[in-house]
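Engineer: based on what follows, work out the 3D shape:
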Amino acid sequence: QVQLVESGGGLVQLGGSLRLSCTASGRTFSNYAVGWFRRAPGKEREFVAAINRSGGGSYLADSARGRFTISRDNAKNTVYLQMNSLKPDDTAVYYCAARYVASFEAYYTDYYDYWGQGTQVTVSS
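Structural biologist: Numbering: from 1, shown residues only. Next up, the predicted model:
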């Protein structure tokens, strides 16, 4: 089993930036594909970004493309979500999730097994 802890959330103004971190413990992190999701008040959980085991492949939701970047440092057991040009619509609790995978190339928009507790991101106008 892998445990995930998110950090880096906070309050930022329109157009600002934040970098979220997802730090894992418990298993060999490089065996897991990782995704970021968010849940805004009154809305369903939404996929944001995903990255494969090696960090060489990633995918961003339309809402994130061009503004967010996902990356990972397996030596530090950490996945990052760099968020730029933030908008009030980005206000949500952001969660990271992990899934054990055999493929080095695969990443997923759903079907994750392990989840963190979330970190709040608030963008003011």
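
Engineer: can you give me the strands in the chain?
Structural biologist: 3-7, 10-13, 18-25, 32-39, 46-51, 58-60, 68-73, 78-83, 92-100, 114-115, 119-124 (DSSP state E).

Engineer: who does the first one touch, helix- and strand-wise?
Structural biologist: It stands for strand 3-7. Judged by 3 or more CB pairs under 8 Å, 6 or more residues apart in numbering; DSSP states H and E, the packing partners of strand 3-7 are strand 18-25, strand 92-100, strand 114-115. For every residue, glycine as well, the C-beta is placed using N, CA and C.

Engineer: list the strands paired with the last one, with their directions.
Structural biologist: Meaning strand 114-115. strand 92-100 (antiparallel) (DSSP bridges).

Engineer: and the angle for the strand it pairs with with strand 3-7?
Structural biologist: Here strand 92-100 runs at an angle of 150 degrees relative to strand 3-7 (axes from the mean of the first three to the mean of the last three CA atoms, to 10 degrees).

Engineer: adjust the sequence numbering to begin at 54 for everything that follows.
Structural biologist: Got it, the first residue is 54 from now on, which makes the last one we talked about strand 145-153.

Engineer: and strand 145-153, what's its mean pLDDT?
Structural biologist: The average pLDDT within strand 145-153 is 97.

Engineer: list the buried residues in that strand.
Structural biologist: Neighbour-count burial for strand 145-153 flags Ala145, Val146, Tyr147, Tyr148, Cys149, Ala150, Ala151, Arg152 (criterion: 16 or more other CB atoms under 10 Å).

Engineer: now the residues you listed in JSON lines, please, with extra columns for distance to Ala102.
Structural biologist: Listed next are those as JSON lines, based on distance: CB to CB, whole Å:
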{"residue": "Ala145", "distance to Ala102": "13"}
{"residue": "Val146", "distance to Ala102": "15"}
{"residue": "Tyr147", "distance to Ala102": "10"}
{"residue": "Tyr148", "distance to Ala102": "12"}
{"residue": "Cys149", "distance to Ala102": "10"}
{"residue": "Ala150", "distance to Ala102": "11"}
{"residue": "Ala151", "distance to Ala102": "13"}
{"residue": "Arg152", "distance to Ala102": "14"}
